[in-house]
Structure formats: structure tokens, C-alpha cells
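1. here is my input; please provide its structure:
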Amino acid sequence: DGNDDGNGGGSGSGGGGGGPRGPSVSSSSFSAPTVQALPFIPSPPTPPHPNPKDTAYAYFHSLGFHVSCGSKFGSDLLLYDGDRSRRHAFAGVRCYASPSHALSLPAEDVAGWVRGTNTANKIPLVFVDGGGGGGGEGGRAR
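-> The predicted model follows:
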């Protein structure tokens, strides 16, 4: 008969009849699924400890002070000894993660901040976060 020409016509080696090799798939009918590329968005690095401003805010708030943003006076925080709508801030606070960071600032920056807070009749306070983010005592105002 000569029907077995290897082109799938019989039960020969190249057939698609489900023999011992299973059904054959031609390369023209198979295509790999396409994957759409997503944009790479790097995640921000996580700080090893909480932000010193957050620690200072919690510390002064726990002492009963009202706390607000101090950027108007070159500070990180402003402290009030009463309701903010009825009182002026009495202190401007700069917050640092460590004493070495606070001491590494240029003298001109510190002098300008102190002068600005004094001109606005505010006490300049420096808060150094000494808690390291692990409970304990937290920071201290100096």
C-alpha cells in the first residue's frame, strides 16, 4: 500500500493518531504566552529606626505639650504649653537620630536656627533620639 509516508497518514511513526508518542503538536500552532512587563517601582528603603521627629512628637505629647510643625521657624517641631489656638509656641525643636548627626552640622546652620528661634522669642531645643527604636527610654531634649 505505501500509505505510510511519515506525514501522519497512518499509524506509523509520525502520525497524529495518538499512538505511543501521544498527539503531535506542530511548531506553527504553538505560541508561548506573552507576559506584559510591569514598570519597576523601587520600594523606599526602610529606616533602621523610627523617624526622630515621630519619636520627639510622641515624647513631648506624652509630657502634655501640644506639638505642631516647626518649619515656619526653621525647626522640626513647635511646642505649646496649652491650646494652639490660644497660645504661642514657646520652643522650636530640632530632631536628630544620633548625637553624632547633631554634632556634624555646620556651625552656620545651627547659629542661624538659634538666632531665628530667639528672634521669634522661642527656646531652641535639640532632641536626640537615643531609644534606637527598641522601646526603652526614647529620646531626650537637651
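2. longest helix in this protein, please.
-> Ranked by residue count under DSSP state H, the longest helix found in the chain is helix 107-119.
3. what helices or strands is it leaning on?
-> Using 3 or more C-beta pairs under 8 Å, 6 or more residues apart in numbering; DSSP states H and E, the elements in contact with helix 107-119 are strand 91-96, strand 123-128. From N, CA and C alone the C-beta is placed, and that goes for glycine too.
4. sketch out the low-pLDDT regions of this structure for me.
-> 1-41, 43-49, 131-142 (pLDDT under 70).
5. quick one: the strands in it?
-> For the chain, the strands defined by DSSP state E occupy 66-69, 77-80, 91-96, 123-128, 140-141.
6. which ones are touching the nearest residue to Leu77 once chain neighbours are set aside?
-> Computed as C-beta to C-beta, 6 or more residues apart in numbering, the closest residue to Leu77 that is not its neighbour in sequence is Val93, at 4.2 Å. By C-beta atoms under 8 Å, 6 or more residues apart in numbering, Val93 lies in contact with Ala56, Phe60, Gly70, Ser75, Asp76, Leu77, Leu78, Leu79, Leu125, Val126, Phe127, Ala141.
7. re earlier: just the buried positions in the longest helix of the chain, please.
-> Residues Trp113, Val114, Gly116, Thr117 are the ones in helix 107-119 that count as buried (16 or more other C-beta atoms under 10 Å).
8. in this structure the last one contacts Gly74, no?
-> To tie it back to what came earlier, the one meant is Thr117. Yes: with contacts counted by C-beta atoms under 8 Å, Thr117 reaches Gly74, the gap being 7.3 Å.
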